[in-house]
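A.B. asks: Following is a predicted model, sequence given first.
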Amino acid sequence: DTPIDYDNLIALGSMMGSGGMIVMDEDNCMVDIARFFLDFTVEESCGKCTPCREGTKRMLEMLEKITEGNGEVEDLEKLERLAKTIKATSLCGLGQTAPNPVLSTLRYFRDEYEAHVNDKKCPAGVCQALLEYKVIADLCKKCGICAKKCPVNCISGEKGKEVYVINTEECIKCGACLSACPFKAIIKG
């Protein structure tokens, strides 16, 4: 119910940049979205001021660490503190707004960050390093299609006789089995 204009968006803690709007749903990982926008900012930084040049790189490293499943609880506090410092001390609009996606996602989607850090799970199923593919035994028809499509042969079972199983240690998380199964017996989580 919010009118899309400069004043109303600013009041909500958002902004109108080039006039574009991005709409997302539960299939988007907010941590990965913040990482994506920060990656863009790092590439666009002119390098003139240290907060933008170095600070955004450090923030990106922290977000990559979190999306790869190596994040720690302390990283969230460090990330937020660094984002606020960059926002307050950068010389131009790019540096001053670069932390906004991180600050906004931390504010409104902190639970997603905590799931990445504490549970080593990506609720949206986007962050590749945090995915795990599993066969639902009740839905598996023992056809072997998933095993045939697996490029690293990490799915085992005997056609027509037993439920197929994915060796998660060997799985490269490519999703070929998920796409191949006509019975929706494979899930990612």
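C.D. replies: Looks like it arrived, so ask away.

A.B. asks: Go ahead and confirm residue 133 touches residue 186.
C.D. replies: Yes. Here residue 133 reaches residue 186: they are 5.9 Å apart, a contact under CB atoms under 8 Å. In this view, the C-beta of every residue, glycine as well, is placed from N, C-alpha and C.

A.B. asks: quick one: common contacting residues for those two?
C.D. replies: 166, 177, 178 (CB atoms under 8 Å, 6 or more residues apart in numbering).

A.B. asks: any idea which element the last one lies in?
C.D. replies: Under the assignment given by DSSP states H and E, the secondary-structure element containing residue 178 is helix 176-180.

A.B. asks: mind saving the C-alpha coords of that helix as CSV?
C.D. replies: Only the C-alpha atoms of helix 176-180 are listed here, as CSV (Å, rounded to 0.1, in the frame of the first residue of the first chain):
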residue,chain,number,x,y,z
ALA,A,176,21.0,-33.2,-12.1
CYS,A,177,19.2,-35.8,-10.0
LEU,A,178,16.6,-33.3,-8.9
SER,A,179,15.8,-32.3,-12.5
ALA,A,180,15.8,-35.9,-13.7
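
A.B. asks: picking up where we left off before, can you list the shared contacts of residue 133 and residue 186 in TSV and add distance to residue 117?
C.D. replies: Shown next, in TSV, are these (distance: CB to CB, whole Å):
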residue	distance to residue 117
166	25
177	28
178	25
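
A.B. asks: Make TSV from the residues you listed and add distance to residue 98 and pLDDT to it.
C.D. replies: Below are these laid out as TSV (distance: CB to CB, whole Å; pLDDT from 0 to 100):
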residue	distance to residue 98	pLDDT
166	39	97
177	39	97
178	35	96
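
A.B. asks: for those, which one is nearest residue 93?
C.D. replies: Of all the shared contacts of residue 133 and residue 186, the one with the least separation from residue 93 (CB to CB) is residue 178, at 42.0 Å.

A.B. asks: which outside residues touch the lowest-mean-pLDDT helix or strand in the chain?
C.D. replies: The weakest-scoring helix or strand in the chain, judged by mean pLDDT, DSSP states H and E, is helix 6-11 (a mean of 84). Applying CB under 8 Å, 6+ apart, the contact partners of helix 6-11 are 2, 15, 16.

A.B. asks: Now it: buried residues?
C.D. replies: Residues of helix 6-11 classed as buried by neighbour count (16 or more other CB atoms under 10 Å): residue 9.

A.B. asks: Begin at 12 from now on, thanks
C.D. replies: With 12 as the first residue, the last one maps to helix 17-22.

A.B. asks: Next secondary structure after it?
C.D. replies: Past helix 17-22, the next helix or strand by DSSP H and E is helix 41-55.

A.B. asks: For that next one, the averaged confidence score.
C.D. replies: Mean pLDDT, computed over helix 41-55, is 95.
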